[in-house]
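sharing a model prediction with you, sequence too.
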Amino acid sequence: MASPLLAAEVLQPTSQAELEAVLASAGAGDEIVLKAGRWRGPLKIAAPVTLRGEPGAVVDGRNAGHAILVDAPGATVTGLEITGSGSDLDRMDSGIFLTANATGARVTGNLLRDNLHGVRIQGARDALVAGNRIEGRRGRQSELGNGVSVWNAPGAVVAENEISWGRDGIFVYISKRNTFRANRIHDTRFAIHYMNTSDSEVSGNVSYDNAMGYAIMFSDRLKVTGNSSENDRDYGFLFNSANYSVLTDNRVTGRLAPAARWLDAGQSIEAGVPEIEPGSGAGGRIAPEKCVFIYNANRNAFTGNRFEGCAIGIHFTAGAEGNLMSRNDFIGNRVQVKYVGSRYLEWSQDGVGNYWSDNAAFDLNGDGLADAAYRPNDMVDEVMWTAPQARMLLTSPSVQIIRWAQARFPAVLPGGVTDSNPLMFPNSERPLP
């Protein structure tokens, strides 16, 4: 005897009580459709079903716990406005919370606003969070959650979301094989914050008007490609103990770039403007900034990136070793490279170096490479960094004599960065293959 297969159903509850009964009894593959109106949370999805909202459907967590808890593999939440999670940081209250049982869960096309965390992936392998708009809370950073939080969720993908406010746009901790792709993040602390996560991809994301763009910490073997940081306050990229990673085709545009959109009306670069908090609405102002800060990060490859308009192009410190630098563009930074150390670092590979906008060089044979090596810093720079009070001597005759002597006798230069094959053209104009 054979029993008939149970077909998946489309269920349309008409009341709160009916919705709770449907969630408790729905079977695998069922679709639960919420009509326009306000539905009370918290809601729990304990079967591999789809919870879909028609236009105007809102799930309100009423400021208690998770607005929606997903505790089943293969479940989907889509098309809903989700608001009003609790505010308990210890419980990680979220608009949508995916437990470790929610393998392969999908969160797509939702609007999440006024939740502590927007989406929390708590151990759910191969989860997808895509195409959502996530608006976090405003207030003290210590009291806020993240747009998307990922913990121990191998294979999780966070893609094509727009994320604003809250603490960090995307925060990942102790995970691997994650992909963060094509997200737009603004008015947060860090757009993307990596901690103890390896073998992952960060590609095609856009960060703007944040305190920092991409904070990569204690993570190895990452592929960081095609991302941009515009008008982020402190750093475009921070690499702290991040190793064996590849960083290509990324772009950082700081507030010293020539584009007029980075200046308030009637203001000049020399005027100086105090630092601002993220989300203050003053996104066009000038503030100190480093395109890239590299701290104890080793064996990484930086190629084909553009670092433009920052107070410091790259700040290199704390024993970072074996990093490859080639075919990058350093344009209009007040200080192209800040490095204090006795080691000599060669920034070219296979006979090709980087483009430096302040390198007044010649190319007599027309091969696209400058005829002389380029050094972004000298002994005077090192003195100014280690003893800032010495800046008052910059225009003194003694300092000018030291710089004149170093230009003519390179042997007196201290250790530092040398580009033996600087490029004559930036990436967009380069005739090299």
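Right, received. Where do you want to start? Numbers count the residues shown, from 1 in each chain.

top strand in the protein by residue count?
Looking across the chain with DSSP state E, the single longest strand is strand 190-198.

pLDDT (mean, whole number) over the next helix-or-strand element following it?
Past strand 190-198, further along toward the C-terminus, the next helix or strand under DSSP states H and E is strand 201-203. The pLDDT scores in strand 201-203 average 98.

report the strands that pair with strand 201-203, each with its relative direction.
Paired neighbours of strand 201-203 in the sheet (DSSP bridges): strand 179-181 (parallel), strand 223-225 (parallel).

which residues outside the longest strand of the chain are in contact with it?
Applying C-beta atoms under 8 Å, 6 or more residues apart in numbering, the external contacts of strand 190-198 come out as 146, 150, 168-176, 178, 180, 183, 185, 200, 202, 205, 207, 210-222, 229, 232, 242. For glycine as for every other residue, the C-beta is placed from the backbone atoms N, C-alpha and C.

possible to save the strands paired with strand 201-203 as CSV with distance to Ala127 and mean pLDDT?
What follows is the strands paired with strand 201-203, written out as CSV (distance: least, C-beta to C-beta, whole Å; pLDDT from 0 to 100):
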stretch, distance to Ala127, mean pLDDT
strand 179-181, 11, 98
strand 223-225, 20, 98
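
nearest to Phe316, of those strands?
Comparison of those against Phe316 by C-beta to C-beta identifies strand 223-225 as nearest, at 17.3 Å.

please spell out the ChimeraX selection for the buried subset of the contacts of strand 190-198.
Under the burial definition 16 or more other C-beta atoms under 10 Å, those of these that qualify are selected in ChimeraX by:
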select :146,150,168,169,170,171,172,173,175,176,178,180,183,185,200,202,205,207,210,211,212,213,214,215,216,217,218,219,220,222,229,232,242
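
among the contacts of strand 190-198, which are located in strands?
150, 170-176, 180, 185, 202, 207, 212-217, 229.

buried stuff in the longest strand of the chain?
Phe190, Ala191, Ile192, His193, Tyr194, Met195, Thr197, Ser198.

quick check, nearest of those residues to Glu135?
Nearest to Glu135 out of those is Ala191 (C-beta to C-beta; 14.9 Å).

got a list of what the closest residue to that closest one other than its chain neighbours touches?
Leaving aside its chain neighbours, Ala191 sits nearest to Ser207 (3.5 Å; criterion: C-beta to C-beta, 6 or more residues apart in numbering). Neighbouring residues of Ser207 by C-beta under 8 Å, 6+ apart: 169, 185-186, 191-192, 213-214, 227-230, 232, 236.

how much space between Ser207 and Phe180?
According to C-beta to C-beta, to the nearest Å, Ser207 and Phe180 sit 11 Å apart.

mind putting the buried residues of strand 190-198 into JSON lines with distance to Ala127?
What follows is these, written out as JSON lines (distance: C-beta to C-beta, whole Å):
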{"residue": "Phe190", "distance to Ala127": "21"}
{"residue": "Ala191", "distance to Ala127": "20"}
{"residue": "Ile192", "distance to Ala127": "17"}
{"residue": "His193", "distance to Ala127": "18"}
{"residue": "Tyr194", "distance to Ala127": "17"}
{"residue": "Met195", "distance to Ala127": "18"}
{"residue": "Thr197", "distance to Ala127": "15"}
{"residue": "Ser198", "distance to Ala127": "18"}
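
where does pLDDT dip in this structure?
Along the chain, the parts satisfying pLDDT under 70 run over 1-7, 257-288, 318, 340-342, 378-415, 428, 430-433.

how about the helices in it?
For the chain, applying DSSP state H gives helices covering 16-25, 379-386, 397-408.

ok so, going back, got the angle between the longest strand of the chain and strand 212-217?
On the basis of axes from the mean of the first three to the mean of the last three C-alpha atoms, to 10 degrees, strand 190-198 is oriented at 10 degrees to strand 212-217.

who does strand 190-198 pair up with?
strand 170-176 (parallel), strand 212-217 (parallel).

starting at the chain centroid, how far to it?
Relative to its parent chain, strand 190-198 has a centroid offset of 8 Å by C-alpha atoms, centre = their mean, to the nearest Å.

C-alpha coordinates for that strand, PDB please?
Written as PDB, here are the backbone C-alpha positions of strand 190-198 (Å, rounded to 0.1, in the frame of the first residue of the first chain):
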ATOM      1  CA  PHE A 190      32.800  50.200  10.400                       C
ATOM      2  CA  ALA A 191      31.200  49.300   7.100                       C
ATOM      3  CA  ILE A 192      32.600  45.700   7.200                       C
ATOM      4  CA  HIS A 193      34.300  44.400  10.300                       C
ATOM      5  CA  TYR A 194      36.300  41.100  10.100                       C
ATOM      6  CA  MET A 195      37.500  39.300  13.200                       C
ATOM      7  CA  ASN A 196      39.100  35.800  13.200                       C
ATOM      8  CA  THR A 197      37.500  34.900   9.900                       C
ATOM      9  CA  SER A 198      39.500  33.300   7.000                       C
END
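
from Gly309, how far off is His315?
With distances taken as C-beta to C-beta, His315 is found 15 Å from Gly309.

neighbour-wise, which of the two wins?
Gly309 (24 against 21; other C-beta atoms under 10 Å).
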